[in-house]
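Undergrad: Starting from these lines, generate the structure:
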Amino acid sequence: MNKNHHKGFDVTANRYIDCFDDYIERHSFEGTTPVLFITGQSRGGAITELLGKHYQDEGIHNIAIAINPARTTLETNKNVRESYKNIFD
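TA: Below you'll find the predicted structure:
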C-alpha cells in the first residue's frame, strides 16, 4: 500500500494491520483509546517499525520495539525517523 516501503515488509505489515484492527474493534470499550505494545526481531523488527508508524499516524498510542530490524524506510530516512518517537531499536 505504501510504495516507499519495502514490498515484502509492507505486505506483511498490512496483513497484521487488518488483523489488529479487527481485534481492536471487537475488544475495545467505547470511549477508550487502545494502547499497543508491538515487538519484533529482524524481519519482524522491520514490520514492527511499520506498524508503529501506522498506529501513531492513526492516533492509537503505541510503543514499537524493534530488535535488530532489517533496513526500512524509517531507518534510512532520518527526517521520517525523527517524526516517530514511539519506535525504539
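
Undergrad: can you give me the helices in the protein?
TA: 7-27, 43-57, 73-76, 78-82 (DSSP state H).

Undergrad: Average pLDDT for the shortest one, rounded please.
TA: For helix 73-76, mean pLDDT is 61.

Undergrad: picking up where we left off before, and the helices of the chain as JSON lines, adding distance to Ile63?
TA: Glycine gets a C-beta too; all of them are placed from N, C-alpha and C. Listed next are those as JSON lines, based on distance: least, Cβ to Cβ, whole Å:
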{"stretch": "helix 7-27", "distance to Ile63": "14"}
{"stretch": "helix 43-57", "distance to Ile63": "8"}
{"stretch": "helix 73-76", "distance to Ile63": "15"}
{"stretch": "helix 78-82", "distance to Ile63": "15"}
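
Undergrad: Export the ones you listed to TSV and append columns for distance to Ala66 and mean neighbour count.
TA: What follows is those, written out as TSV (distance: least, Cβ to Cβ, whole Å; neighbours: other Cβ atoms under 10 Å):
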stretch	distance to Ala66	mean neighbour count
helix 7-27	11	14
helix 43-57	4	23
helix 73-76	9	17
helix 78-82	11	11
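
Undergrad: Flag whichever of the ones you listed has the least confidence on average.
TA: Out of these, helix 73-76 stands lowest, with a mean of 61 (criterion: mean pLDDT).

Undergrad: Now for the closest residue to Ala46 other than its chain neighbours: which residues touch it?
TA: Setting aside the residues directly before and after it, Ala46 is nearest to Ala70 in space (Cβ to Cβ, 6 or more residues apart in numbering), at 4.2 Å. Taking Cβ atoms under 8 Å, 6 or more residues apart in numbering, we find Ala70 in contact with 6, 9, 42-43, 45-46.

Undergrad: change it to 7 Å
TA: Taking Cβ atoms under 7 Å, 6 or more residues apart in numbering as the contact definition, Ala70 lies against 42-43, 45-46.

Undergrad: Cheers, nothing more for now.
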